[in-house]
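Chemist: Fold the following for me, if possible:
(one chain, ligands or ions: 1)
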Amino acid sequence: MTAMTDSPRPAAAVPPNASNPHFGDPDWWRHAVVYQVYPRSFADADNDGTGDVRGITEKLPYLAELGVDAVWVSPWYPSPLLDGGYDVADYCDISPTFGTLADADAFIARAHELGIRVIIDLVPNHSSWEHPWFQAALAAAPGSPERERYIFSDGRGEDGELPPNNWASMFGGRAWTRTTNPDGTPGQWYLHLFDASQPDWNWANPEIAAMFDDVLRFWFDRGIDGFRVDVADSMAKEPGLPDHTVNPATGLGSNGKEVGAPHWDHPDLPPIHRRWRAVADEYADSELGGRIFVAEAYIDPIERLVEYVRPDRLHTTFNFDALLSEWSAASQRAVIAKTIPAHESVGAPATWVLGNHDNVRVATRYGKPVTGVDFSAPGEAAAGDPLELGAELHGMPTDLELGRRRARAAALLELALPGGAYIYQGEELGLDEVEDLPESLLQDPTWERSGHRIRGRDGCRVPLPWSGGVAPFGFGTDAAPWLPQPARWASLTAEKQDGDPASMLTLYRSALRLRRERGDFRGGDFAFHGLDGGDVLAFTRGSQTLVVVNFGSTPIELPAGEVLLSSVDLVEGRLPSDATVWLAV
Ligand code: GLC
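Modeler: Prediction:
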């Protein structure tokens, strides 16, 4: 063991096991299928209406049967949940709402027993305003060491009544909130790129970097296999905090896609990533090895994004262009054609993503008249961000049957591409966005901060339907879930889909089994095939696997070959519209 600390490591997890032959491979992350759990909405073991860690543990056999390699758990830390847990009050504990550290240990051990790696969320750009260090900062004087941990500044204007600069919050409104002095007079301002309840850490202060090193080791020591890094392109800010552009269309803050922004993708960021990488590498010789990071960074063009996954920085990054791409051959082809070589150029695996807790569910999005961004359009480098796209889609009608058909085709496209893939909980059930949640129940801070213009992301966070014919569909026993489930989900429960050859769940299970077993999918070989062109996307994996996606309206002839898996039944041997087939050739 090369670890620099000599803190005791808990007993190592069980070795590679029968249910996942690749479990013990330190390079597991280069091919992994990762399943995202949003703990609030996954499974409610204690029946209080909110999901919990024990609920996740109880469902691990379901995930093992699905065939995933890893599970990523969105924040499970103590938090007032003002941004669904992305407002962390204590980085080294479990929210009492979700359970205890002992529950987390049991979850990690059970996951490893079942051959599933565990990734948790690291939220390093900001804490909750309930974090003890922020409370101490508020209580301390301007210029004090306590205030130096966050970004406090005097206001502009005669009496400091104007914010220190013009930065806007990603959720709407300004990125600054003014404090009140103990004597009741107005005080300094603090920075929050997101909600006011999420003050930004001051990464120019070495104390913050050291604190996060401890957080990483705390969880690595407990056996977790990696971190998903929230807003991995922020943290470093231009000294002096100069003004910057606000999106005039939405009033929201700019995101990391802009080159030269003072608070995104800043030159002081790479050293932070390198430092974390070094901590993860300390664990290379530990029992399982293979401790990794995956970056959340909405960055374009791809040449900038892959800088994040150079060998001395983070291991992988979400491919949000794939997520935000419209459902068309040209756009999907353009994303694939730029993603694969760009990642190869730095030696990192690509990843493929259809959805997450910030985006409109794929079955709904693909049933809209607009399904995303066209990356094949000339000069199209930058997609919008999830909130903007979500707001645009919200008013549009949905053809859910079409959306689900395309979501099936998209799953077989995603899972056939080289590198890693992400499944957001419920995608494997074909769940749709709940677009008609009553306004009084909306919790996303964007709803209030945008002046009720943007409803936000609650519609993709509704608790999962597991079983039975009425809500809560086995989420808990009988408690009302924190967001109401639609009655139509009775036909989409995991129980109902189990064993049904036509169900989305069966399609995912079959795809993941084939992907795991078939050597062609494990190698890096990828080449566009002669069939590719127009509305047909076609590529080979290895020497014997052909993948064909028909985005057009007429069925297409297929070359000779054995059908391994198809998203719909072939019609007289031809592939109908909005469908994908895997062929052994
Ligand atoms: C990331 C998370 C999102 C959260 C934001 C602020 O984008 O995915 O849910 O609101 O960061 O932490």
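
Chemist: got the residues of this protein near the ligand?
Modeler: Residues of the chain lying close to the ligand by Cβ under 6 Å from any ligand atom are 83, 86, 123, 194, 230-231, 296, 357-358. For the C-beta atoms, the positions are set from N, CA and C on the backbone; glycine is no exception.

Chemist: Closest one to L514 out of the residues you listed, please.
Modeler: Top of the list for closeness to L514, among those and by Cβ to Cβ, is H357 at 27.6 Å.

Chemist: and the spatially most central residue of the chain, what does it touch?
Modeler: Residue closest to the average C-alpha location in the chain (Cα atoms, centre = their mean): N356, at 5.0 Å. N356 makes contacts with 36, 318, 323, 422, 424, 460, as judged by Cβ atoms under 8 Å, 6 or more residues apart in numbering.

Chemist: could you dump those residues to JSON lines with distance to D312 and neighbour count?
Modeler: Converted to JSON lines, these look like this (distance: Cβ to Cβ, whole Å; neighbours: other Cβ atoms under 10 Å):
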{"residue": "Q36", "distance to D312": "27", "neighbour count": "24"}
{"residue": "F318", "distance to D312": "20", "neighbour count": "22"}
{"residue": "L323", "distance to D312": "27", "neighbour count": "26"}
{"residue": "Y422", "distance to D312": "24", "neighbour count": "27"}
{"residue": "Y424", "distance to D312": "30", "neighbour count": "24"}
{"residue": "C460", "distance to D312": "35", "neighbour count": "29"}
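
Chemist: from those, which two are the most distant?
Modeler: Of all the pairs that these form, the one spanning the most space (Cβ to Cβ) is F318 and C460, at 15.5 Å.

Chemist: Of all the residues in the stretch 301-450 of the chain, which one is nearest the ligand?
Modeler: Sorted by distance to the ligand under Cβ to the nearest ligand atom, the residues of the stretch 301-450 of the chain start with D358, at 4.8 Å.

Chemist: can you check the chain too?
Modeler: Y86 (3.4 Å).

Chemist: Neighbours of that residue, how many?
Modeler: Number of residues near Y86 (other Cβ atoms under 10 Å) recorded here: 25.

Chemist: Does it touch L193 like I think?
Modeler: No: with contacts defined as Cβ atoms under 8 Å, Y86 does not count as touching L193, sitting 11.6 Å away.

Chemist: and D90, how many residues sit next to it?
Modeler: With other Cβ under 10 Å as criterion, D90 counts 15.

Chemist: for G187, that is, sorry about that
Modeler: When neighbours are counted by other Cβ under 10 Å, G187 comes out with 19.

Chemist: ok, then the element right after the lowest-mean-pLDDT helix or strand in the chain?
Modeler: Scoring the helices and strands of the chain by mean pLDDT, DSSP states H and E places helix 386-394 at the bottom, with a mean of 89. Downstream of helix 386-394, the first helix or strand assigned by DSSP states H and E is helix 400-414.

Chemist: Neighbouring strands - and their directions - for the helix or strand just after that next one?
Modeler: Beyond helix 400-414 in the direction of the C-terminus, DSSP H and E gives the next helix or strand as strand 420-424. The strands beside strand 420-424 in its sheet (DSSP bridges) come out as strand 33-37 (parallel), strand 351-353 (parallel).

Chemist: Contacts for strand 420-424, please.
Modeler: Applying Cβ under 8 Å, 6+ apart, the contact partners of strand 420-424 are 29-36, 38, 68, 72, 316, 318, 349-357, 361, 414-415, 460, 508.

Chemist: what's the answer for stretch 40-59, then?
Modeler: Here stretch 40-59 has contacts from 37-39, 71, 73, 76, 81, 84-85, 94, 97-100, 103-104, 106-107, 110-111, 425, 461-464, 466, 472, 475-483, using Cβ under 8 Å, 6+ apart.

Chemist: Try it again at 7 Å.
Modeler: Outside of stretch 40-59, the residues within contact range by Cβ atoms under 7 Å, 6 or more residues apart in numbering are 37, 39, 73, 76, 84, 94, 97-99, 103-104, 106-107, 110, 425, 461-464, 466, 475-482.
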